[in-house]
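Visitor: Structure of the sequence below:
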Amino acid sequence: MSTSAPELLRRLGLDRHPELPETTAGTVRLDSRGGGRTEHWYLTIADQRVTVTRRADDADLVVRADRAVFDQIAAGVLHPAAALGRNELTVRGDIRLFMTLRRLFPGPPGAHHPREVAARTLTADGEPGAAEQATGGARGERSHR
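Guide: Just a heads-up that it's a prediction; the model follows:
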């Protein structure tokens, strides 16, 4: 089952976020439209932590979208930048915070960080790792006739 935007936002304040640069600080308001009303989520980012409250105060960055768009982003099936490019969401304010937001949302289901994949597939000298040697390697080695 995928995560909804409210579920993800509630969990953001539980832990430190080492994927955020230590120098990142600011406020973000997410305006989620749906069912004839708008819900406001207010994020305060500082020291690799995110505090989430429900208020409509001014923020350094305001992001507006339909609830379905935020749910797709929270589930990892829609990248925030892609939604912006398709005019499925709008932003006003500090665009650097928008680029930071993508670090708080999950990637596509089943996606792996490129560094993790490289570490599993190559040894220190650039040769295929044990897992790759056992399966024929990432090169897809096959007999050619």
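
Visitor: Surely A82 is in a helix?
Guide: Yes. Assigned with DSSP: H, G, I helix; E, B strand; the rest coil, A82 falls within a helix.

Visitor: so how far is A75 from it?
Guide: As judged by C-beta to C-beta, to the nearest Å, A82 and A75 stand 14 Å apart. (Each C-beta comes from the backbone N, C-alpha and C, glycine too.)

Visitor: do V91 as well
Guide: Here the criterion is C-beta to C-beta. By it, V91 lies 20 Å from A75.

Visitor: cool, L89 as well?
Guide: For L89 relative to A75 (C-beta to C-beta), the value is 15 Å.

Visitor: Please identify which of the two sits among more neighbours.
Guide: L89 (23 against 19; other C-beta atoms under 10 Å).

Visitor: Contact partners for the more buried one?
Guide: V63, R64, A65, V69, P80, A83 (C-beta atoms under 8 Å, 6 or more residues apart in numbering).

Visitor: Please report the distance of it from T27.
Guide: 18 Å.

Visitor: before we move on, back to that, among the contacts of L89, list the two that are farthest apart in space.
Guide: R64 and P80 (12.4 Å; C-beta to C-beta).

Visitor: Which one of those two is surrounded by more residues?
Guide: In this view R64 and P80 are compared by other C-beta under 10 Å, and P80 has more residues nearby, 22 against 16.

Visitor: for the more buried one, what are its contacts?
Guide: I73, L89, F98, L101, R102, F105.

Visitor: in a helix, that's where the first one is, yeah?
Guide: Spelled out, that is I73. Yes. Applying three-state DSSP, one finds I73 inside a helix.

Visitor: Any idea how many residues pack against P106?
Guide: Around P106 there are 14 residues (other C-beta under 10 Å).

Visitor: so where does it fall, helix or strand?
Guide: Under DSSP states H and E, no helix or strand contains P106.

Visitor: doesn't A75 make contact with it?
Guide: Yes. The pair P106 / A75 is scored as a contact, 7.4 Å apart, by C-beta atoms under 8 Å.
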